[in-house]
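>>> Show me the folded form of this:
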Amino acid sequence: MTLLRVEGLDCRYGLLQAVRAVSFEIAQGEIVALIGANGAGKTTLLRAIAGAHKPLAGRVVFDGVDITRLPAHRRVSLGVALVPEGRRLFPGLTVEENLRVAASRRRGRWTVESVLEVFPLLRPRRQMPAAGLSGGEQQAVAIGRALMCNPRLLLLDEVSLGLAPVVVDAVYRSLAGVISEGATVLLVEQDLTRALKVASRVLCMLEGRIVLEGDSKSLDRDRIVSAYFGLRRAV
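Reported below is the predicted structural model:
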């Protein structure tokens, strides 16, 4: 069943067109990696899906409902949650308070306790202000906060950005528990190897367009790298 459908989406920042006629679908339970170099349009696309950036043209359809003009908080209530680049936690609130502030009326698996089960590194930090956490701990809180909405679609922007490899490994081990619960995930990740390992399908963006799409296990890596860096047109 198709959960998310993006149709001909265009997004601008003033005169700069960041997303150009992007169309794709994501099925319920699918893990899709959105890859591409800096400035390819990945973050803008995620923000447009989440309702944080108003598109110039095109449609975003979630579970058969056109949500293109819905504000972000309405999309959250429908089950769309974004983990933004830079985490954007409330620094003065504790870990638990950052989680509870996002609690939704939507029924589902995720509570403070279930988030702490999946991210055990947070349990001893439960009453610590977010400002005192390490980068990896803050990323775990950001993901956990999105899970507290009990989302049907989880949008993850640059999970590994600015983190040491050992910390990224710990975050992804915990994220594997989220994925095993049957989550539908659109993941922006610059680490190509990690993206191919976690996702069942890959979308590669270049200059605002999707230039390559396919199964992560069957796509030739050289072709992916070429599309990523724009060495040749892959589609």
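>>> which residues does residue 187 contact?
Residue 187 sits next to 31, 32, 33, 34, 156, 159, 195, 198, 199 when contact means C-beta atoms under 8 Å, 6 or more residues apart in numbering. (C-beta placed from N, C-alpha, C; glycine too.)
>>> Tell me where the chain has strands.
Taking DSSP state E as the test, the strands found in the chain are 2-13, 16-27, 31-35, 57-62, 65-66, 80-83, 153-157, 184-188, 201-206, 209-215.
>>> Kindly export the fourth one (C-alpha atoms) in CSV.
As requested, C-alpha coordinates have been extracted for strand 57-62 and formatted as CSV (Å, rounded to 0.1, in the frame of the first residue of the first chain):
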residue,chain,number,x,y,z
ALA,A,57,3.9,23.6,-7.3
GLY,A,58,3.1,19.9,-7.0
ARG,A,59,1.3,17.8,-4.4
VAL,A,60,2.1,15.8,-1.3
VAL,A,61,-0.4,12.9,-0.7
PHE,A,62,-0.3,11.0,2.5
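>>> By mean pLDDT, which helix or strand of the protein comes out lowest?
For the chain, scoring each helix and strand by mean pLDDT, DSSP states H and E identifies helix 165-180 as the least confident one, at a mean of 80.
>>> Report the contact partners of the residue nearest to the spatial centre of the chain.
Nearest residue to the geometric centre of the chain (C-alpha atoms, centre = their mean): residue 156, 1.8 Å. Taking C-beta under 8 Å, 6+ apart as the criterion, residue 156 is in contact with 83, 143, 185, 186, 187, 188, 189.
>>> and with 6 Å instead?
Residue 156 makes contact with 83, 187, according to C-beta atoms under 6 Å, 6 or more residues apart in numbering.
>>> Check what pLDDT it gets.
Note for residue 156: predicted pLDDT of 93.
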